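Trainee: Take this sequence and fold it.
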Amino acid sequence: MSDEHSTEAETATSGEFERHPVPDSALLGAGKFWGMYAGEHAAGTEFMIGPLFLAAGASLQDLLFGLLLGNFLAVLTWRFLVTPIAIAKRMTLYYQLERIAGGSLVKLYNVVNGVLFCFLAGAMVTVSASAVGIPFGTLYEVPESTFGLGSPDFTLIVVVVGVVMAIIAAAGYQVVAQVANIAAPWMIAIFAACGIVSLTQMDANSISALSEGKYWQDAIDFVQEKDGVQQFGFWQIVVFAWLCNGAMHFGMADLSIFRFARSPSSGWAPAIGMFLGHYMAWIAAALLLAAQIKLSQDTTANPGALAWGALGWTGIICVIIAGWTTANPTIYRAGLAFQGVFPKSPRVVMTLIAGAVATTAGAFPNLSDQLLGFVGTYGTVLGPMGAIIFVDFYFMRRFGMREENAFHQGNSFNVAVLLAWLIPVAAGLYLIFVPTQMFPDKLFAAYAVVPCWIASGVIYLLLSKLMHPKTPLVS
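Mentor: I've put the predicted structure just below:
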């Protein structure tokens, strides 16, 4: 049997079709996607990110309206940027990039992609471990050093939690989606309950108390008196909500998810995650911290302790499951990325390796405490490759060039892709991490995603025209 036929047989048997377009017989209805996005985005990150808004000084009014606009923009991006290409091609992000950029170049991208996804999943391992440790008296504590370990007991819990998450992710997309479908409705109800209980604990049980938001401002004042004054304004909230998942939509990572979609209407599925997760759940989680500050003057954003203080054992269970439903699909994506580096390796093995990397990252609690900056940074790094896919799909033929050039020309390294990716990313990371005259306090990471994305697409189109001016349009 030829290598090509062997690959097709293996992907058909596994049901994941990692290096083959998804056939009609394997397509899934919209319900699978609504459940997965509800589970992934009304989940572990919400217990971390919500309190960080309050600690950063965001006003309640800015948060309510900024999240509304930002999440709406995110849904539109998934529906109209990602879904049409996913349904037309039905390939994973990694295989599609390989056909555009060449096998050698895409291996570099896959390593970067997989590692960054593992760090995000690692933060969710930390979140779930913070809840598991509560009954055992093992507290989640953030060390001063970025790569400082927690206590030995906490590290052991991280390992156990990470192993379970990796096994679930290795079972494949349908199992990941099934776990999310089962857990999502219950978790959403628990998040709402957290917010309601927190308001009650602060005696904010009237319309005037809600509209004035004094309990919120009191909590901000307490945090900033202790940690220094910070500001997180309306447009920062809008851009963060829109682009915190920039690698998933602008970066096209969710091509790997929506390639299974039977209908374009499945592209609206992220709405349930954005408005029940990145809206309601973020606000509810922030209220948990506000209530904790009022009751005990404790500003520590420990997800397990926050949920325990509001709902006891129910809160603990919710945090554990919430971490799983975010980490599972993230580890699944990372496993696909690593398989792109070693195409002949089984997806299950690569997913387990991704789970091991995520678990290792989860052992460093300080990483999860940097989520506001991290998600913008990884969107800046991974997003531009999505622009290259977008340009290749919509514009190459219009400008007289062949799409998927590396595949059709037998090229293993597309220099145009490399330069179009690295130049904008290098500029973006410089502004994020190095103070400049224009940005003396350094650029807010999420602000770099869209400019880098646009620049990458333009550079790729121009360089492709220069390097391949007479590429034939026939296969």
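Trainee: drop to CA atoms for contacts and neighbour counts, all remaining ones
Mentor: Fine.
Trainee: Could you find the closest non-adjacent residue to residue 345?
Mentor: Ranked by C-alpha to C-alpha, 6 or more residues apart in numbering and with sequence neighbours excluded, the top spatial neighbour of residue 345 is residue 339, at 6.3 Å.
Trainee: same question, residue 129
Mentor: Computed as C-alpha to C-alpha, 6+ apart, the closest residue to residue 129 that is not its neighbour in sequence is residue 158, at 5.4 Å.
Trainee: so where's the protein uncertain?
Mentor: Residues of the chain that meet the criterion pLDDT under 70 lie in 1-16, 144-146, 172-181, 207, 210-212, 372, 469-475.
Trainee: Now with 50, please.
Mentor: For the chain, residues meeting the criterion pLDDT under 50 lie at 1-13, 474-475.
Trainee: Can you give me every residue that contacts the residue nearest the centre of it?
Mentor: Centre of the chain computed as the mean C-alpha position; nearest residue by C-alpha atoms, centre = their mean is residue 245, 4.8 Å away. For residue 245, the set of contacting residues under the criterion of C-alpha atoms under 8 Å, 6 or more residues apart in numbering consists of 74, 375, 379.
Trainee: Now do the phi/psi pair for it.
Mentor: phi -110, psi 30 (degrees, to the nearest 10).
Trainee: how close does it get to residue 447?
Mentor: 13 Å (C-alpha to C-alpha, to the nearest Å).
Trainee: can you check residue 387 too?
Mentor: Counting by C-alpha to C-alpha, the gap from residue 387 to residue 447 is 16 Å.
Trainee: between these two, who's got more neighbours?
Mentor: It is residue 387, of residue 387 and residue 447, that has more neighbours when counted by other C-alpha atoms under 10 Å, with 27 against 20.
Trainee: So the more buried one is in contact with residue 250, correct?
Mentor: Yes. Because the distance of 7.1 Å satisfies C-alpha atoms under 8 Å, residue 387 is recorded as touching residue 250.
Trainee: Can you pull the residues that touch both of these two?
Mentor: Taking C-alpha under 8 Å, 6+ apart as the contact criterion, the residues that touch both residue 387 and residue 250 are residue 453.
Trainee: Can you show me the helices along the stretch 201-350 of the chain?
Mentor: Under the criterion DSSP state H, counting those that start in this stretch, helices of the stretch 201-350 of the chain are mapped to 207-212, 214-227, 234-243, 255-258, 270-275, 282-296, 303-311, 313-341, 347-362.
Trainee: Please export the C-alpha coordinates of the fifth one as PDB.
Mentor: What follows is the C-alpha trace of helix 270-275 in PDB, where atoms were taken according to Å, rounded to 0.1, in the frame of the first residue of the first chain:
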ATOM      1  CA  PRO A 270     -19.100  30.700  19.600                       C
ATOM      2  CA  ALA A 271     -21.800  33.100  20.600                       C
ATOM      3  CA  ILE A 272     -22.900  30.900  23.400                       C
ATOM      4  CA  GLY A 273     -19.300  30.800  24.700                       C
ATOM      5  CA  MET A 274     -18.800  34.600  24.300                       C
ATOM      6  CA  PHE A 275     -22.000  35.800  26.000                       C
END
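Trainee: Give me the contacts around that helix.
Mentor: 33-34, 37-42, 68, 71-72, 74-75, 78.
Trainee: what do you get for the third one?
Mentor: Contacts of helix 234-243 with the rest of the structure, by C-alpha under 8 Å, 6+ apart, involve 58, 62-63, 65-74, 278, 376, 379, 444, 446-447, 449.
Trainee: If we use 10 Å, what do you get?
Mentor: With contacts defined as C-alpha atoms under 10 Å, 6 or more residues apart in numbering, helix 234-243 is touched by 53, 58-59, 61-77, 246, 249-250, 274, 278-279, 372-373, 375-376, 379-380, 383, 444-450.
Trainee: Show only the entries of those found in helices.
Mentor: Within the contacts of helix 234-243, membership in helices is found for 53, 61-77, 274, 372-373, 375-376, 379-380, 383, 449-450, as judged by DSSP state H.
Trainee: Now do residue 344: how many residues are near it, please.
Mentor: Here the number of neighbours of residue 344 (other C-alpha under 10 Å) works out to 11.
Trainee: Quick check on it: phi, psi?
Mentor: Residue 344 has phi and psi values of phi -90, psi 0 when expressed as degrees, to the nearest 10.
Trainee: That one and residue 334: what is the separation?
Mentor: If you go by C-alpha to C-alpha, the gap between residue 344 and residue 334 works out to 16 Å.
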